[in-house]
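>>> have a look; sequence and predicted model below, questions after that.
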Amino acid sequence: MITALRAEQQIEAAHSAFTASQDVAPEVRASWLEAIAVAFEDHADELIALAQSETHLGEHRLSGELRRTVFQLRLYISEILAGENLDATIDHADGAWGMGPRPDIRRVNIPLGVVGVFGASNFPFAFSVLGGDTASALAAGCAVVHKIHDGHPELGRRMGEVAIEALRTAGAPEHLLSTVTGRDAAEALVDHPLTRAVGFTGSTGGGRALLDRIAARDRPIPFYGELGSINPVFATERAWALRGDEILTAYAQSFTMGMGQFCTKPGLLFAPTDREQVARVVGTQVAQGQRTPLLSAKLRAGFDAALEKMCATDGIEVVVAGDSAESPAPTVLLTTAAFVRADPAILEREMFGPATLVICYEPGEDLADLAALLDGQLTASVQAQAEEDIDPLLAVLREKSGRVLWNEWPTGVTVSYAQHHGGPYPATTAERTTSVGPAAIARFMRPVAFQGFPPAHLPLALQDENPWRISRRVDGHWQHHDHGAGSHS
């Protein structure tokens, strides 16, 4: 474990590394990220074997997750080479400007500084030492101190070593990335005045504790926390009449994927179904699925407690019974819309593991009214037919969630430009931001405007000659630039 004093020293060293590197050219920063990507590819077998030994996850799943991590790094490279993260904007002086003479004013995003990142247990590569928070903070130009999750400590340590050595070989300043372990170091990381932002993926309880601690700082800082989500699915009467068994089968496959340990696992299904249909279709499907132990003893204990509490709630019955085996069988619970209307808190109980709740509604019930009972979510899904008018339901779901899906399932979060992995509290603490995709970089930057500066004293990203050859908005018009191939409007 790292002591608080040692963590403070690492944060100070990270700040020095940030100071030395915050203004490097995009090509240089890109070369650092590429070095990490290559190093992870070169050490893939070693890292995957370590992950298998600490997480109970299979080689196929881990190989895909590591590829995703490397792909994400390279997607961020293309973003910073194009300068998209900088959002460089130039307004030249204009004496004929509509509201009166306009001064020369130019704006660019700059990195925040040292970022503390808390990794997740359920994605040992994609949301860990070089997961989305760390990768986007480095792409932004920040330094990162990463708190290794105790669910895979040896993997976290080794990933840190591989990445740090890659950065060193590529010429990055020492301590641009470092890792810590233990509660004392975690508290120091949150409290230190040089820490300028914190990223977190984990439980609602843990995230709320961090949020409160950060708010109590003398100088509050941004906290980008992903906390909890139950990811409801709504099936319309028309869709159910046409393909109810098909929807139940796919739902069972989705909620049991990864033993129900995905942040986007669908935990609620609203459907005009009954006990017999759910037991027949879902029972058959889950009996065929593969089982593995949950990621950690702590996570298993939390799942067992949440499931026990749900089973003991009035109005909830067990339709497909799980078990207490080391690799537990999935559990399917059932209740009615009438019960959740009487006790909406039922809809806020996350069971992080292989369990789900089906809510049976009567024909003619207002799905938008039921959706309004939900708290903030990462995702919400609808199973419907194109000819149906479900605009009232969709209007509620877009207010409640960060990603709305049509006839698809939420498990699986692709890394892409339009991706939004976020949502209203308690899904996240910053609903306007995403932790996946290039837009995640913006979380760790802030805009600064420069007015009336002589050209030689402007940041390179804002000089008229555009020495970094990046895309910019000049006098209201975007001037895009194919990096290395000449500019065009």
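Good, I have the coordinates. Numbering: from 1, shown residues only.
>>> contacts and neighbour counts: CA atoms only from here.
Fine.
>>> mind giving me the domain split of the protein?
Using automatic domain parsing, the domain parsing of the chain gives 4-227+430-447, 232-406.
>>> Throw those into JSON lines and include mean pLDDT, thanks.
Formatted as JSON lines, the domains of the chain follow (pLDDT from 0 to 100):
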{"stretch": "domain 4-227+430-447", "mean pLDDT": "96"}
{"stretch": "domain 232-406", "mean pLDDT": "95"}
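>>> which one of these has the most crowded surroundings?
Among the domains of the chain, domain 4-227+430-447 has the highest mean neighbour count (mean count of other Cα atoms under 10 Å), at a mean of 20.
>>> endpoints of that one, how far apart?
32 Å (Cα to Cα, to the nearest Å).
>>> centre of the chain to it, how far?
Taking Cα atoms, centre = their mean, to the nearest Å, one finds domain 4-227+430-447 lying 12 Å from the centre of the chain it belongs to.
>>> stretch 261-277 too?
Using Cα atoms, centre = their mean, the mean C-alpha position of stretch 261-277 is found 23 Å from that of the whole chain.
>>> using CSV, list the CA coordinates for that stretch.
Output in CSV follows, covering the C-alpha atoms of stretch 261-277 (Å, rounded to 0.1, in the frame of the first residue of the first chain):
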residue,chain,number,x,y,z
GLN,A,261,-21.5,-7.5,-14.2
PHE,A,262,-21.8,-4.8,-16.9
CYS,A,263,-22.7,-1.2,-16.0
THR,A,264,-25.2,-1.4,-19.0
LYS,A,265,-26.8,-4.7,-17.9
PRO,A,266,-30.6,-4.4,-18.4
GLY,A,267,-32.0,-4.8,-14.9
LEU,A,268,-35.6,-4.0,-15.6
LEU,A,269,-38.0,-5.2,-18.3
PHE,A,270,-41.5,-3.6,-18.6
ALA,A,271,-43.7,-6.0,-20.6
PRO,A,272,-47.3,-7.2,-21.0
THR,A,273,-46.3,-10.7,-20.0
ASP,A,274,-47.1,-13.2,-17.2
ARG,A,275,-45.3,-15.6,-14.9
GLU,A,276,-45.7,-18.6,-17.2
GLN,A,277,-44.2,-17.0,-20.3
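>>> contact partners for the nearest residue to E54 once chain neighbours are set aside?
What sits nearest to E54 in space, not counting adjacent residues and going by Cα to Cα, 6 or more residues apart in numbering, is H152, at 5.4 Å. Taking Cα atoms under 8 Å, 6 or more residues apart in numbering as the criterion, H152 is in contact with A51, E54, T55, S121, P124.
>>> secondary structure element for the residue nearest to the first one when sequence neighbours are not counted?
Counting by Cα to Cα, 6+ apart, A51 lies nearest to L155, which is 6.0 Å off, once chain neighbours are set aside. Secondary structure from DSSP states H and E places L155 in helix 153-169.
>>> quick one, strands of the stretch 201-350 of the chain?
For the stretch 201-350 of the chain, applying DSSP state E, counting those that start in this stretch gives strands covering 223-226, 232-235, 268-271, 317-320, 331-336.
>>> take the ones you listed and lay them out in a markdown table including distance to Q72.
As requested, those are arranged in a markdown table below (distance: least, Cα to Cα, whole Å):
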| stretch | distance to Q72 |
| --- | --- |
| strand 223-226 | 19 |
| strand 232-235 | 27 |
| strand 268-271 | 30 |
| strand 317-320 | 38 |
| strand 331-336 | 34 |
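>>> check contacts around G156.
G156 is in contact with P124, S128, V129, I148, H149, counting by Cα under 8 Å, 6+ apart.
>>> try it again with 10 Å
47, 50-51, 119, 124-125, 128-130, 146-150, 179-181 (Cα atoms under 10 Å, 6 or more residues apart in numbering).
>>> and what of G205?
By Cα under 10 Å, 6+ apart, the neighbours of G205 are L211, L227, G228.
>>> just to revisit the earlier point, of the strands of the stretch 201-350 of the chain, which is nearest T284?
strand 317-320 (9.6 Å; Cα to Cα).
>>> mind giving me the packing neighbours of the longest helix along the chain?
If you go by DSSP state H, the chain has its longest helix at helix 59-82. Here helix 59-82 touches helix 26-42, helix 44-55, helix 132-140, strand 477-481, going by 3 or more Cα pairs under 10 Å, 6 or more residues apart in numbering; DSSP states H and E.
>>> which residues sit against the helix or strand just after that helix?
As assigned by DSSP H and E, the chain's next helix or strand after helix 59-82 is strand 89-91. By Cα under 10 Å, 6+ apart, the surrounding residues in contact with strand 89-91 are 102-109, 449-451, 461-464, 471-478.
>>> sorry, back to before: can you redo the contacts of H152 as TSV with distance to V190?
Listed next are the contacts of H152 as TSV, based on distance: Cα to Cα, whole Å:
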residue	distance to V190
A51	27
E54	27
T55	27
S121	19
P124	22
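>>> of the residues you listed, just say which sits nearest to V281.
Using Cα to Cα, these come closest to V281 at T55, 30.3 Å.
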